[in-house]
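Novice: Sequence first, predicted coordinates after that:
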Amino acid sequence: MKTFQMGRRALLGAAMAFGLGGAAIADGHQVVDSIHFLIPGGAGGGWDGTARGTGEALTNAGLVGTASFENMSGGGGGKAIGYLIENAESNHGTLMVNSTPIVIRSLTGVFPHNFRDLTLVAGTIGDYAAMVVGKDSPINSMEDLLAAYDADPNSTAIGGGSVPGGMDHLVAAMVMEAAGKDALGVKYIPYDAGGKAMAALLSGEIAALSTGFSEAVDLANAGEVKIIGVTAPERVDAAPDAMTMKEQGIETEFVNWRGFFGAPGMPEEQLAAYQDALTKMYDTPEWETVRARNGWVNIHNNGDEFKAFLEDQEQVIGDLMKKLGFL
């Protein structure tokens with residue numbers, strides 16, 4: 001971790017310029033004064049939960065003074081990425097959450113921007129994927145879902161909060177392929193982020209939902225939905241009754257990383273302050289409360305390590321997409 005040797009006047013100047021915490025001067029605890037989190041999807045999705053959970057932990061732990069949040073859905077996350085790039089100079093106080101879809105963007109080449117156009121701050125968590133059905137659905141397991149699919153594929157639509165070919169579609173296809181089905185035969189219904197996809201499941205528009213585990217766990221524990229399969233190597237404590245895919249004979253595991261990106265050209269001192277706050281967050285009980293509640297796993301890498309991780313993800317996800325026929 002980079003450290004800085006500054007006089008009091010220089011440090012105060014940096015705090016004013018970059019939003020570094022005034023309390024850092026007073027007690028050496030607060031690291032950043034404020035962070036504005038940009039969420040490239042609607043409320044209730046995985047990006048939304050990750051940004052708000054991270055902000056909750058950082059502020060409750062006293063590492064960040066205040067956190068604000070802005071949902072900017074559209075273009076499968078592309079609208080927020082474009083906004084951050086086009087308005088870089090006025091957004092160095094902003095961190096945008098993203099995940100595997102930003103790697104998929106670079107692989108498909110459909111969109112003009114990808115992670116290389118942004119400042120790489122840190123990868124922070126992993127979230128297992130889950131297959132979910134409504135509480136009153138006759139489907140209670142992956143065996144039931146596969147039987148329904150075999151009987152009538154067109155009536156067994158699986159929805160998700162990503163565009164066709166995106167994260168949730170990829171997971172649904174991966175699970176079906178591992179179960180011996182045609183990966184591209186799945187009737188996938190896309191929604192604008194996880195919140196709307198979950199609403200579609202609850203209203204009966206779709207038979208099942210491909211989503212992040214953390215996006216379903218609260219509703220599952222409240223009895224509103226049933227998690228019928230998780231892509232974790234073993235059951236997750238946050239929902240111990242939910243069976244893994246492997247328990248049901250479907251040999252597949254997958255964890256979707258999430259992390260934070262800044263506008264291009266972010267000053268080094270500001271980048272280091274954000275990375276310092278996120279690094280210190282892992283040692284706080286406030287973070288463990290948020291992490292355990294969502295069933296996340298810690299996947300932490302900063303700067304160059306984050307870049308290497310993303311480039312490795314390009315290879316792994318690219319190979320998976322080619323295998324499933326998405327590329």
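Specialist: That came through, no problem.
Novice: can you map out the strands along the stretch 51-200 of the chain?
Specialist: Taking DSSP state E, counting those that start in this stretch to define them, one finds strands in the stretch 51-200 of the chain at 64-71, 94-99, 119-134, 158-160, 188-190.
Novice: Need those strands in CSV (columns: mean neighbour count and distance to Phe306).
Specialist: Bear in mind the C-beta positions are built from the backbone N, C-alpha and C, glycine included. As requested, these are exported to CSV (neighbours: other C-beta atoms under 10 Å; distance: least, C-beta to C-beta, whole Å):
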stretch, mean neighbour count, distance to Phe306
strand 64-71, 17, 20
strand 94-99, 26, 12
strand 119-134, 25, 5
strand 158-160, 27, 26
strand 188-190, 18, 28
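Novice: the helices in the stretch 101-250 of the chain, which residues?
Specialist: Counting by DSSP state H, counting those that start in this stretch, the stretch 101-250 of the chain has helices at residues 142-151, 167-178, 194-203, 213-221.
Novice: of all these, which lies closest to Gly78?
Specialist: For Gly78, the closest of the helices of the stretch 101-250 of the chain is helix 167-178, at 13.7 Å, according to C-beta to C-beta.
Novice: quick one: Arg258 is in a strand?
Specialist: Yes: assessed with DSSP: H, G, I helix; E, B strand; the rest coil, Arg258 lies in a strand.
Novice: show me what contacts the spatially closest residue to Gly123 that is not a sequence neighbour?
Specialist: Leaving aside its sequence neighbours, Gly123 sits nearest to Gly259 (C-beta to C-beta, 6 or more residues apart in numbering; 3.6 Å). Taking C-beta atoms under 8 Å, 6 or more residues apart in numbering, we find Gly259 in contact with 97-99, 121-125, 301, 306.
Novice: Pick the one among those closest to Ala67.
Specialist: Proximity of the contacts of Gly259 to Ala67 (C-beta to C-beta) peaks at Val97, which lies at 12.0 Å.
Novice: what about Thr36, which SS state?
Specialist: Quick fix: residue 36 is His, not Thr. strand.
Novice: returning to that earlier point: how about the strands of the stretch 51-200 of the chain, which one is nearest Ala199?
Specialist: Ranking these by proximity to Ala199 (C-beta to C-beta) places strand 158-160 first, at 9.8 Å.
Novice: pLDDT of the closest one, averaged?
Specialist: For strand 158-160, the mean pLDDT works out to 96.
Novice: for stretch 263-279, same thing?
Specialist: 97.
Novice: Let me know how buried Ala148 is, in neighbour terms.
Specialist: By other C-beta atoms under 10 Å, 18 other residues sit near Ala148.
Novice: Quick one: closest of the helices of the stretch 101-250 of the chain to Val297.
Specialist: Checking the helices of the stretch 101-250 of the chain against Val297 by C-beta to C-beta gives helix 213-221 as the closest, at 10.1 Å.
Novice: can you give me the offset of that closest one from its chain's centre?
Specialist: In terms of C-alpha atoms, centre = their mean, to the nearest Å, the centre of helix 213-221 is found 14 Å from the chain centre.
Novice: Grab the most central residue of the chain for me.
Specialist: The centroid of the chain falls nearest to Arg258 when counting by C-alpha atoms, centre = their mean (4.0 Å).
Novice: Bridged to that one, which residues?
Specialist: Ser99, Ile125 (DSSP bridges).
Novice: Would you mind measuring from it to Pro112?
Specialist: Noted for Arg258: a distance of 23 Å to Pro112, by C-beta to C-beta, to the nearest Å.
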